[in-house]
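Novice: Coordinates for the following, if possible.
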Amino acid sequence: IATLEQLEGNLTPEILEPFRSGKLAKWLRVRKLDEQAEAVEALLAGDNEREMQLLKSLYGLFGGETDNDLLQVAIAERKRSLPLSQESYDMELEAVQTVFKKEIEQLKMEFTKKEREYQQEIEQLRNPPKPRVIETHIQQFIAYDDGTALDTKTGLTWCRFAHGQTWQNGTVSGDSIKVDWDSAFEVAKLFNRQGGYAGHTDWRLPTIAELVTLINESNHYGINTAVFINTYNYFWSSSKYDSYYAWCLNFSYGKHDWLGKSNNYAVRLVRG
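Specialist: Down below sits the predicted model:
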C-alpha cells in the first residue's frame, strides 16, 4: 500500500500489527499526513486493546462506517490463519491439559466406582448371603428350618435328624443308620470332616445326661416328635459303662440303660 486511498480501500485485520508496532504512524508521518498520524498515535496511547474496537476505530479514521458482523468474522478468520505465538500456544496447551486432567480424573472416579462394584460382586460370590433361618418355638426348643434345634434349658444345639437321615424342605427324610458304639464316634468325626452342618464342624456324640434332657414327659417319656421328626427309639450316648457296655437311651419309654457296645443303635449329634 503506497497511498492513503489504497489504505482506505484495503483495511483488514492485518492493519492491527503495524498499528500496534507504530509503523502505521510513521508511514503517515513520512507522507505528511500529520493529522491522521496524530489520531493514530492518540488511539495507540489509549487503553482499549480489544481488536474489534480498535479495528472499528481505524475504520472511522480511514474508511468510514462498517458492519460489525463483518468485522468480527474478519478478525476471527485472521486469528485462525496466524501461527500461534508462544504465549498463545502455552495458553492453549494449558487449556487442553486442564480438559484432559478433568477427563482423566473423571475416568479414574468411574474406574474406582466400577472396581468397587466388581469387588463387591466378587465378595458376594465368595461369601453369598446366608438365607434367613425361620425359627419355631416348641416347648423348651427353638426349632430352626435349617434342621437344627436349640434347647433353651441346656443351651445345647441338636441335629433334628439322625445319622443316615437328611433334612429337606422342613422335614426329615430317609431312615437312620444304626451302628455299634465305637462306630458312633467315627460317624461324628466323618460328619465334621465333610463340612459339618449349619456352618459348624464341632458336632459330637452326646453324653447320656444330655440325651436324658430330650425326654418329653408329656409324650409318655418319649422324644418331642414335633422337633425331632421321623425319629427312632434307641440312641447311643458317648458315656461308657465298662469295657463291654455303654449307655444308650430308649425313647419309647424314656429309660436309659447300659447295653453291649457291639449292638447297633441310632446316632443323633449335638454341639455346645
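Novice: going forward, measure contacts and count neighbours with C-alpha atoms only.
Specialist: Fine.
Novice: Show me the residue at the heart of this protein, geometrically.
Specialist: Nearest to the mean C-alpha position of the chain, counting by Cα atoms, centre = their mean, stands E117 at 3.1 Å.
Novice: so how far is E41 from that one?
Specialist: Counting by Cα to Cα, to the nearest Å, the separation of E117 from E41 is 68 Å.
Novice: now the helices for the stretch 51-200 of the chain?
Specialist: 51-62, 68-81, 86-126, 181-193 (DSSP state H, counting those that start in this stretch).
Novice: How far off centre is the shortest one?
Specialist: Remark: helix 51-62 is offset 62 Å from the chain centroid, using Cα atoms, centre = their mean, to the nearest Å.
Novice: Report the buried residues of the least confident helix or strand in the chain by mean pLDDT.
Specialist: Taking mean pLDDT, DSSP states H and E as the measure, the chain has helix 68-81 as its least confident helix or strand, at a mean of 72. Residues of helix 68-81 classed as buried: 71-72, 75 (neighbour count, 16 or more other Cα atoms under 10 Å).
Novice: now swap in stretch 12-20 and tell me
Specialist: Those would be 12-13, 16, 19-20, for stretch 12-20 by 16+ other Cα under 10 Å.
Novice: same deal with stretch 29-48?
Specialist: For stretch 29-48, burial by neighbour count (16+ other Cα under 10 Å) applies to 36-37, 40-41, 43-44.
Novice: now stretch 233-250
Specialist: 234-240, 245-250.
Novice: send the alpha carbons of it over as CSV?
Specialist: Taking Å, rounded to 0.1, in the frame of the first residue of the first chain, the C-alpha atoms of stretch 233-250 are listed here in CSV:
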residue,chain,number,x,y,z
ASN,A,233,-36.2,-95.3,69.8
TYR,A,234,-32.6,-96.4,70.7
PHE,A,235,-29.8,-93.8,70.6
TRP,A,236,-26.2,-94.2,71.6
SER,A,237,-24.5,-91.8,74.1
SER,A,238,-20.8,-91.2,74.4
SER,A,239,-20.9,-92.4,78.0
LYS,A,240,-19.1,-95.7,78.7
TYR,A,241,-20.3,-98.2,81.4
ASP,A,242,-17.3,-100.5,81.2
SER,A,243,-15.1,-102.3,78.7
TYR,A,244,-18.0,-104.1,77.1
TYR,A,245,-21.0,-101.9,77.8
ALA,A,246,-22.1,-98.3,77.1
TRP,A,247,-25.1,-96.2,77.9
CYS,A,248,-27.9,-95.7,75.5
LEU,A,249,-31.4,-94.2,75.8
ASN,A,250,-34.7,-95.8,74.7
